[in-house]
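Student: sequence first, predicted coordinates after that:
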Amino acid sequence: MPDDAAARDAAEEASAFSHPPVDPDATAAYGDHPDQVIDFYTPREPDPAVPAPLVIVLHGGAWRAPYDRRHITPFADFLARRGFAVANVEYRRGGTIPAQGGQGPVAGRWPDTFDDIAAALDALPALVRENLPQADLRRTVITGHSAGGHLALWAAARHVLPADSPWRTDRPAPLRGVVALAPIADFRVAEKLDVCSGASRQLLGGEDKFAERQPYADPVFLLPTGIATTLVQGRTDVVVPQAVAESYAEAAARAGEVVGLTLLEGVGHFPLIDPAADACAVVAEEIAQLAW
């Protein structure tokens, strides 16, 4: 990438990661593995007469082990300060064995990453009632950033998975909507652009399994969902370029579904989850529009 683009991206990333992690108000397990947990954040100024909308947050990090939910806790706290109840979901990511070519840890685990998102979403209503009584489950929005944006789109599309998928549900998830932030939403385009050094190919188990597993994992194969969906994308994003989100929106249109695409001028990948950035306030407003 050009030097100026690289410098801007590095500065945006540094800003987003400069905030100290924010501890949750409660944590609950949805499985036995240490990564099978959900952190809960209560709305900071709740209205006792009006239960708060619930926002499910799925973090990014290319589905790779070094990036856990802690980096997105300032964003979760930002939403809680905006009056939302928040569930920040952890899930199993790639193992610690380096990828071939010295590119770092492998992205994701098949099928564990998807097992965890499905299990977390299935367990969430009961866990919310126990740990986050201020939340209104009828007003649930799921959001995710980057690889987490992919998982948010996938979680909302389980009812249109192939019939033989173990993650398929018999009805749509009870969601008001999806707000996917710079999502890895079309694996073909992502691979063409080498997004996160081939992360989507690694997630599906490598080149030999890629085409076979795409219909079970790639959001562009899982349309239409019938669930209100908005993508928020920075125009200067060099990590997950705008073309990925545009391709998903175009695929949705071909399937007869309108997907919102909010493009932010002068914004890269990380401001979307950076409480210090104006883009983060835009994200909160997009969530509010669907939640209410």
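Tutor: Sure, I can see it.
Student: and the gap between residue 292 and residue 154?
Tutor: With distances taken as CB to CB, to the nearest Å, residue 292 is found 25 Å from residue 154. Yep, even glycine has a C-beta here, placed from its N, CA and C like the rest.
Student: neighbour count winner among the two?
Tutor: Legend: neighbour count by other CB atoms under 10 Å for residue 292 and residue 154, higher for residue 154 (27 against 9).
Student: low-confidence ranges in the protein?
Tutor: Filtered on pLDDT under 70, the chain yields the residue ranges 1-2, 46, 96-104.
Student: can you tell me the SS state at residue 140?
Tutor: strand (DSSP: H, G, I helix; E, B strand; the rest coil).
Student: neighbours of the closest residue to it other than its chain neighbours, how many?
Tutor: Excluding its sequence neighbours, the residue lying closest to residue 140 (CB to CB, 6 or more residues apart in numbering) is residue 54, at 4.5 Å. A count of nearby residues for residue 54, using other CB under 10 Å, gives 27.
Student: contacting residues for residue 54?
Tutor: Shown in contact with residue 54 (CB atoms under 8 Å, 6 or more residues apart in numbering): 84, 85, 86, 87, 128, 132, 135, 136, 137, 139, 140, 141.
Student: ok, the second one to residue 77 distance?
Tutor: To tie it back to what came earlier, the one meant is residue 85. Counting by CB to CB, the gap from residue 85 to residue 77 is 12 Å.
Student: tell me, what's touching the two both at once?
Tutor: Common neighbours of residue 85 and residue 77 (criterion: CB under 8 Å, 6+ apart): residue 41.
Student: looking at these two, which has the bigger crowd around it?
Tutor: More crowded of residue 85 and residue 77, by other CB under 10 Å: residue 85, with 28 against 20.
Student: quick check: phi and psi on residue 177?
Tutor: Dihedral angles phi and psi of residue 177 (degrees, to the nearest 10) take the values phi 170, psi 180.
Student: need the residues that contact whichever helix or strand residue 129 is part of.
Tutor: Using DSSP states H and E, residue 129 sits in helix 112-131. For helix 112-131, contacts defined as CB under 8 Å, 6+ apart pick out 26, 28, 30-31, 33, 35-36, 38, 40, 54, 56, 58, 63, 85, 87, 89, 91-93, 135, 137, 151, 154-155, 158, 166-167, 173, 203, 216-217.
Student: what comes up buried for that helix?
Tutor: Residues of helix 112-131 classed as buried: 112-121, 123-124, 127-128, 131 (neighbour count, 16 or more other CB atoms under 10 Å).
Student: same check on stretch 269-282?
Tutor: 269, 270, 271, 272, 273, 274, 275, 277, 279, 280, 282.
Student: ok, so of those, who is nearest residue 177?
Tutor: residue 282 (15.4 Å; CB to CB).
Student: quick one, phi/psi of that closest one?
Tutor: According to degrees, to the nearest 10, residue 282 has phi -60, psi -40.
Student: what distance do you get for it to residue 54?
Tutor: Counting by CB to CB - residue 282 and residue 54 are separated by 20 Å.
Student: returning to what we had before: any idea how far the residue nearest to residue 140 is from residue 232?
Tutor: Separation of residue 54 from residue 232 (CB to CB): 19 Å.
Student: still on that earlier bit, may I see the PyMOL selection of the buried members of the contacts of residue 54?
Tutor: Those of the contacts of residue 54 that count as buried under 16+ other CB under 10 Å are selected in PyMOL with:
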select buried, resi 84+85+86+87+128+132+135+139+140+141
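Student: farthest-separated two in the contacts of residue 54?
Tutor: By the measure CB to CB, 132 and 141 form the most distant pair in these, at 14.4 Å.
Student: give the buried residues for the host helix or strand of residue 188.
Tutor: If you go by DSSP H and E, residue 188 is part of helix 187-192. Going by neighbour count (16+ other CB under 10 Å), the buried part of helix 187-192 is 187, 188, 189, 190, 191.
Student: burial count for residue 89?
Tutor: 27.
Student: swap that for residue 17, please
Tutor: 12.
Student: touching, it and residue 70? I think so.
Tutor: No: Residue 17 is not in contact with residue 70 according to CB atoms under 8 Å; the separation is 10.2 Å.
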